[in-house]
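Chemist: give me coordinates for this.
(one chain, ligands or ions: 1)
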Amino acid sequence: MYPDEFDYRSPETVEAAIDLLADHPEAEILAGGHSLLPTMKSGLASPDLLVDIGSVEGLQGIDADGDVVSIGALTTYATVADHDAVRETVEVLAEAAHAVGDVQVRNRGTIGGNLAHADPASDLPAAALAADATMVVQGPDGERRVDADDFFFGMYATDVGEDELLTRVEFPARPDAAGAYAKKPSPSSGYAMVGVAVSLSVDAGLVEDAGVAANGVMDHGVRLDPVEEALVGTTPDADVVAEAAASAADDLDEMMMMDDLQASAEFRAQLLESYTERAIREAGDGTGVLAGSA
Ligand SMILES: Cc1cc2nc3c(=O)[nH]c(=O)nc-3n(C[C@H](O)[C@H](O)[C@H](O)COP(=O)(O)OP(=O)(O)OC[C@H]3O[C@@H](n4cnc5c(N)ncnc54)[C@H](O)[C@@H]3O)c2cc1C
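Modeler: Below is the predicted model:
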């Protein structure tokens with residue numbers, strides 16, 4: 001299908017992009033276009049204006065010099081997945097970015113587009129939660145910072161206003177943490193039926209900090225608090241890992257679980273447990289903490 005007619009603008013600054021959004025409440029931001037354009041072609045979205053942020057200064061690239069890894073919203077999955085400092089200090093994000101789509105999607109889709117679009121089956125929200133990311137959002141009143149835990153509201157709904165832009169995402173640099181992302185891809189679309197992100201920081205053989213979150217199970221990415229609590233302070237052997245994974249759905253409202261043609265809510269809950277166990281094992285292998293426990 002062809003999309004409805006629309007105007008097109010390509011601002012060069014964040015401020016100019018925000019002015020356009022403020023003047024056109026029906027406008028959409030065009031980043032990688034890999035979610036927006038299919039939606040327009042299928043008639044599900046008909047913006048009157050596309051604000052192409054591809055030429056906006058300062059939205060590209062990764063700054064990993066200090067204690068924080070700051071990633072511009074326009075940075076592609078491929079850049080994130082292959083970046084040495086990201087792999088070394090925010091491994092869970094690199095793993096999740098690597099799991100997105102195929103090479104073409106990873107070369108074009110952006111971290112900002114993924115997180116702002118907030119498809120329940122996308123791969124990055126859980127990694128952002130597990131790695132304790134901070135979203136930096138800019139609008140007419142300036143910049144504000146939002147914890148990943150407060151950012152995702154629901155299906156395709158986030159704390160980015162109509163006249164705001166997600167400009168960058170900041171991650172605490174954790175060279176001592178190992179990360180993993182275990183994904184059950186949909187056989188038809190490749191999106192996550194279930195995807196579990198785990199980041200484990202280990203000190204003296206004990207799990208000091210655990211970030212565990214899931215995509216695809218609820219209408220937005222969710223932190224799995226009971227799993228985190230079951231892991232912290234342990235040297236997890238196979239029994240501890242299995243028990244922690246078994247608690248993955250404990251805090252989730254069964255009635256609100258995703259339930260569709262791809263997988264029933266009941267099947268998703270089973271997938272959640274086994275992919276949580278798998279992701280903890282992979283992260284644990286990375287820290288060496290699970291050595292000999294399998
Ligand atoms: C064949 C295919 C397979 C895919 N497989 C996967 C997969 O396995 N896993 C996965 O996670 N995703 C997958 N995707 C989706 C892909 O990752 C998209 O790139 C992503 O969802 C959106 O990023 P984008 O840069 O393309 O954003 P766009 O499509 O340009 O924009 C999407 C939405 O986000 C808004 N937006 C974009 N950038 C910003 C910003 N900086 N601030 C505020 N709002 C913004 C736009 O207004 C728009 O509403 C797939 C897509 C395709 C076409």
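Chemist: in the protein, where's the longest strand?
Modeler: With residue count as the measure and DSSP state E as the assignment, the chain has strand 192-203 as its longest strand.
Chemist: and the stretch 151-294 of the chain, which residues reach the ligand?
Modeler: Val160, Leu165, Leu166, Gly190, Tyr191 (C-beta under 6 Å from any ligand atom). Heads up, the C-betas are built off the backbone N, CA and C, glycines and all.
Chemist: tell me the phi and psi of the closest residue to the last one other than its chain neighbours?
Modeler: The reference is to Tyr191. Excluding the flanking residues, the one nearest Tyr191 by C-beta to C-beta, 6 or more residues apart in numbering is Ala121, at 3.9 Å. Backbone dihedrals for Ala121, given as degrees, to the nearest 10, come out at phi -100, psi 10.
Chemist: and the longest strand of the chain, average pLDDT?
Modeler: Mean pLDDT, computed over strand 192-203, is 95.
Chemist: show me what that strand is packed against.
Modeler: Helices and strands touching strand 192-203, as assessed by 3 or more C-beta pairs under 8 Å, 6 or more residues apart in numbering; DSSP states H and E, comprise helix 91-98, helix 124-130, strand 177-185, strand 206-215, helix 265-287.
Chemist: okay, those, which one's buried deepest?
Modeler: For those, the stretch with the most neighbours on average is helix 124-130, a mean of 31; neighbours defined as mean count of other C-beta atoms under 10 Å.
Chemist: any idea how far that one is from the chain center?
Modeler: Distance of helix 124-130 from its chain centroid, counting by C-alpha atoms, centre = their mean, to the nearest Å, is 4 Å.
Chemist: and that helix, average pLDDT?
Modeler: Computed over helix 124-130, the mean pLDDT rounds to 98.
Chemist: can you give the contact residues for it?
Modeler: Where contact means C-beta atoms under 8 Å, 6 or more residues apart in numbering, the residues beyond helix 124-130 that reach it are 92-93, 95-97, 100, 111, 114-115, 118, 133, 135, 148-149, 151-152, 169, 179, 181, 195-199, 211-215, 220-223.
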